[in-house]
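A.B. asks: Need a 3D model of the sequence below.
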Amino acid sequence: MPDLQFTATINGRKVARSAKPQQRLLDFIRDDLNLTGNKEGCGAGECGTCSVFVDGVLMKSCLLPVAKAHGATIETVEALAQTGELSVLQTAFHKAGASQCGYCIPGMVMAATAALRANPFADREEIKERLGGNICRCTGYQKIFDAVELARDVQNGRLPATALMETETEDAVIGKAVRRIDAPSKVSGRLRYAADMTMPGMLHVQVLRSPHAHARIVSIDMSAAEAMDGVEGVITCADVPGVDGFGVFVNDQPIMARGKVRYVGEAVAAVAAENPLVAARAVAAIKVVYDTLPAVFDPDDAMRAGAPALHDYAPDNITKHIPIRVGDVEKGFAESDLVVEETYSTQAIEHAYLEPEAGLAYVDHDGVVTIVSPDQNVTHHRHMLARIIAKPISKVRFIMSPVGGGFGGKEDMIYQGMLALLAMKTQRPVRLVFTREESIISTAKRHPSRTTLRMGLMKNGHIRALVMKMICDGGAYGLSTEGVMRKAAILAAGPYVIPNVRVDTYGIYTNNTPSGAFRSFGALQTAFATESHLDICAERLGLDPFHIRRINAMRDGAVTHTKAKLGSVSLTRALDALEKASGWEAGAPHSRGSTRRDLNRADIRPPCALGARFAQGGKQEAAE
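C.D. replies: Numbering: from 1, shown residues only. Below you'll find the predicted structure:
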């Protein structure tokens, strides 16, 4: 299709350029005009990171074909601070500490600007609704709402402009509100994340991924892709010059599938081309012949005799088993008045950081292979990559770009190795930007778990014995599984004094997407089981849930079941604060729902439909 002739007024300037017919407004603004303040977080109009004004209306630019914006007046986040001075709203975001990773913040600032333009006197509830089309994964939103309220009051004269000034602090800053030094670049959209970075002569990377959960690779024919105009490099595992394998605890994962694929979405080949469209067409032209193999998707099935083995070194598919033994659990159960056994399950959870994975790689003038990416483990990855590409450590450099949300999910070297190989092969800079779909299908999730917990207690609530067996789905590769199993075993008994403990945690290989690090990894799976179990036990014994926790709680100087001596333990103080703040209705937890007096309080915000809380012009209006 021929190019489009596109004209518009963008940030006060007339723009007349040709545009590709497949481009969205987001692509044109970012790629053609290099206005990278608005981001792509989802590509589906859900997250709001790409928000811009089109003829004064807040819109998601990832959903708008560039042709439909022809002749429009468009404002991006850069328009709010064109002279370099932050707007009142942006300054309020800085003052209130409303930005953390910052990836969502330009879109959030645009949505907040729209909210105050629509109603300069919007209250907090209306602000919440009007910002409902924008997602933040870091902040919890409260500081964002604080910032919008502060900007509202300064603009309306309720507060002086000095309210935006930095609060003076004494020499000590701990416990004080101190502004983040990186906030101005985040609220203005000037901060460049990996997907925002470009270099002269840069190539674009696309990846061919496995459609099978488990299959032997019979052959890969790249000839058609390599012959395409604009294709500069195609790689597979055959291009690895060194020892192929990476991981956090065990180096079991190749840069690209070697010999066989082990999960749907695993990288098989990668292409570097002059533009993303050519790269995508080249990927589609690669022909791979697979011989499908039996797959296993449940960790219990994976441990059974005769189950398909994913890795030769682990014929039983056990990545890691952590056993802990303290005291005599059978004696503890015999002494107990009540023994309760239940099984608890947790599911795989997507990190859903707003910034999809991206990276830029190049070989510099001294032959140093350089990787720029939001990498949460650069030192470890540098050493692994040096071994993989057979270069001395002095010839490998990792630069951590701003991380647009990670939560542990960007700890693994999933794609940096491919970038290094393509930069070496083409001797040009290369960049890979994941789609949200690629991010979901190919990167690590929180470990799904199945925990059987047996607990023996006295009538007064004292715990005498605990047996916990946790089986976690580690997916196709080891990644952080060993660490997760260790952490789960260490925290299995919770913050409670239990004299007799038997714990077994197992990380198991399956043909599912790999599992990896995720905030408090291992702790949440065990805490869910232990705390749920205590609630059940409290109900069976007729005890208040706070009481059963207090009588078993560790105190200062306690020794855990892993022999760690604790100097200071704040659990009882935390329980006191929680009980008071929640307005807890004391007693055994026999009542449910609306019968409880500690629910439906004035300070608890009930759920509602988006936009149902405010009206504009006498009618209900949904948020943009």
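
A.B. asks: what does the one helix or strand I440 maps to rub up against?
C.D. replies: Taking DSSP states H and E as the criterion, I440 maps to helix 436-442. Identification of contacts with helix 436-442 by CB atoms under 8 Å, 6 or more residues apart in numbering yields 41-44, 207, 209, 264-267, 350, 356-357, 414, 434, 513. C-beta: built from backbone N, CA, C; applies to glycine.

A.B. asks: Averaged pLDDT, that helix. What do you get?
C.D. replies: Helix 436-442 shows a mean pLDDT of 97.

A.B. asks: Residue ranges in the stretch 101-250 of the chain under the pLDDT threshold?
C.D. replies: Along the stretch 101-250 of the chain, the parts satisfying pLDDT under 70 run over 168-170, 172.

A.B. asks: can you map out the helices along it?
C.D. replies: Applying DSSP state H, counting those that start in this stretch to the stretch 101-250 of the chain gives helices spanning 105-118, 124-130, 142-155, 183-188, 223-227.

A.B. asks: residue contacts, the closest residue to N251 other than its chain neighbours?
C.D. replies: With CB to CB, 6 or more residues apart in numbering as the measure, G245 is the residue that lies nearest to N251, at 3.8 Å, once sequence neighbours are left out. With contact set as CB under 8 Å, 6+ apart, G245 has these partners: 251-254, 388.

A.B. asks: Just name the closest of these to V467, please.
C.D. replies: For those, the minimum distance to V467 (CB to CB) is 30.5 Å, reached by D252.

A.B. asks: so which of the helices of the stretch 101-250 of the chain is the most packed in?
C.D. replies: Among these, helix 105-118 has the highest mean neighbour count (mean count of other CB atoms under 10 Å), at a mean of 25.

A.B. asks: Which secondary structure elements does it sit against?
C.D. replies: Using 3 or more CB pairs under 8 Å, 6 or more residues apart in numbering; DSSP states H and E, the elements in contact with helix 105-118 are strand 51-54, strand 57-60, helix 88-96, helix 124-130, helix 142-155, helix 183-188.

A.B. asks: contacting residues around the fifth one?
C.D. replies: Pointing back at helix 142-155 there. Residues outside helix 142-155 that contact it (CB under 8 Å, 6+ apart) are 88-89, 91-93, 95-98, 108, 112, 115-116, 120-122, 124, 127-128, 131, 136, 158-161, 163-164.

A.B. asks: From the residues you listed, keep the buried residues only.
C.D. replies: Among these, those scoring as buried are 88-89, 91-93, 95-98, 108, 112, 115-116, 122, 127-128, 131, 136, 164 (criterion: 16 or more other CB atoms under 10 Å).

A.B. asks: Do you have the strands of the stretch 251-400 of the chain handy? List them.
C.D. replies: 260-261, 267-273, 287-292, 318-326, 338-346, 358-363, 369-373, 396-400 (DSSP state E, counting those that start in this stretch).

A.B. asks: Pick the most buried one from those.
C.D. replies: Of all the strands of the stretch 251-400 of the chain, strand 267-273 carries the top mean neighbour count, a mean of 26, counting by mean count of other CB under 10 Å.

A.B. asks: Relative to the whole chain's centre, how far out is it?
C.D. replies: Strand 267-273 sits 24 Å away from the centroid of its parent chain (CA atoms, centre = their mean, to the nearest Å).

A.B. asks: Partner strands of it and their direction?
C.D. replies: Pairing partners of strand 267-273, with direction, according to DSSP bridges: strand 203-209 (antiparallel), strand 231-235 (antiparallel).

A.B. asks: could you redo those as TSV and give each row distance to K331 and mean neighbour count?
C.D. replies: Converted to TSV, the strands paired with strand 267-273 look like this (distance: least, CB to CB, whole Å; neighbours: other CB atoms under 10 Å):
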stretch	distance to K331	mean neighbour count
strand 203-209	53	23
strand 231-235	60	24
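
A.B. asks: out of those, which comes closest to L524?
C.D. replies: Between the strands paired with strand 267-273, strand 203-209 lies closest to L524; by CB to CB that is 29.1 Å.

A.B. asks: Centre of the chain to that closest one, how far?
C.D. replies: Distance of strand 203-209 from the chain centroid (CA atoms, centre = their mean) equals 22 Å.

A.B. asks: In the protein, which helix is the longest?
C.D. replies: What stands out as the longest helix in the chain, according to DSSP state H, is helix 523-541.

A.B. asks: which other helices and strands contact that helix?
C.D. replies: Here helix 523-541 touches strand 338-346, strand 449-457, strand 463-475, helix 481-490, helix 545-552, going by 3+ CB pairs under 8 Å, 6+ apart.

A.B. asks: Flag every buried residue along the shortest one.
C.D. replies: Okay, so that is helix 545-552. By 16+ other CB under 10 Å, the buried positions in helix 545-552 come out as 545-549, 552.

A.B. asks: Please name whichever of the helices and strands packed on helix 105-118 is nearest to Q22.
C.D. replies: In terms of CB to CB, the element of the helices and strands packed on helix 105-118 nearest to Q22 is strand 57-60, at 17.5 Å.

A.B. asks: Note down every partner strand of that closest one and its orientation.
C.D. replies: Strand pairing for strand 57-60, determined by DSSP bridges: strand 51-54 (antiparallel).

A.B. asks: Which residues does the strand it pairs with contact?
C.D. replies: Residues outside strand 51-54 that contact it (CB under 8 Å, 6+ apart) are 25, 29, 38, 58-61, 64, 69, 72-77, 106-107, 110-111, 114, 133-134.

A.B. asks: on that earlier part again, of the contacts of G245, closest to S219?
C.D. replies: Using CB to CB, P254 comes nearest to S219 of the contacts of G245, at 17.2 Å.

A.B. asks: need the contact list for that closest one.
C.D. replies: Counting by CB under 8 Å, 6+ apart, P254 touches 237, 240, 244-245.

A.B. asks: go on, G48?
C.D. replies: Contacts for G48 (CB under 8 Å, 6+ apart) come out as 41, 60, 104, 107-108, 111, 133-135.

A.B. asks: What distance do you get for the nearest residue to it once chain neighbours are set aside to A529?
C.D. replies: What sits nearest to G48 in space, not counting adjacent residues and going by CB to CB, 6+ apart, is N134, at 3.2 Å. Distance, N134 to A529, by CB to CB, to the nearest Å: 35 Å.

A.B. asks: likewise A361?
C.D. replies: A361 is 42 Å from A529, where distance means CB to CB.

A.B. asks: V378 too?
C.D. replies: To A529, V378 is 34 Å away according to CB to CB.

A.B. asks: do R601 as well
C.D. replies: 29 Å.

A.B. asks: who's more crowded, those two?
C.D. replies: Between R601 and A529, counted using other CB atoms under 10 Å, the more crowded position is A529 (25 against 9).

A.B. asks: right, and the residue nearest to G48 touches T113 too?
C.D. replies: No. Using CB atoms under 8 Å, N134 is not in contact with T113; the gap is 11.5 Å.

A.B. asks: if we can go back for a sec, going by distance to A16, which of the contacts of helix 436-442 wins?
C.D. replies: Of all the contacts of helix 436-442, G43 has the smallest distance to A16: 27.1 Å, by CB to CB.

A.B. asks: Check what pLDDT that closest one gets.
C.D. replies: The per-residue pLDDT reported for G43 equals 96.
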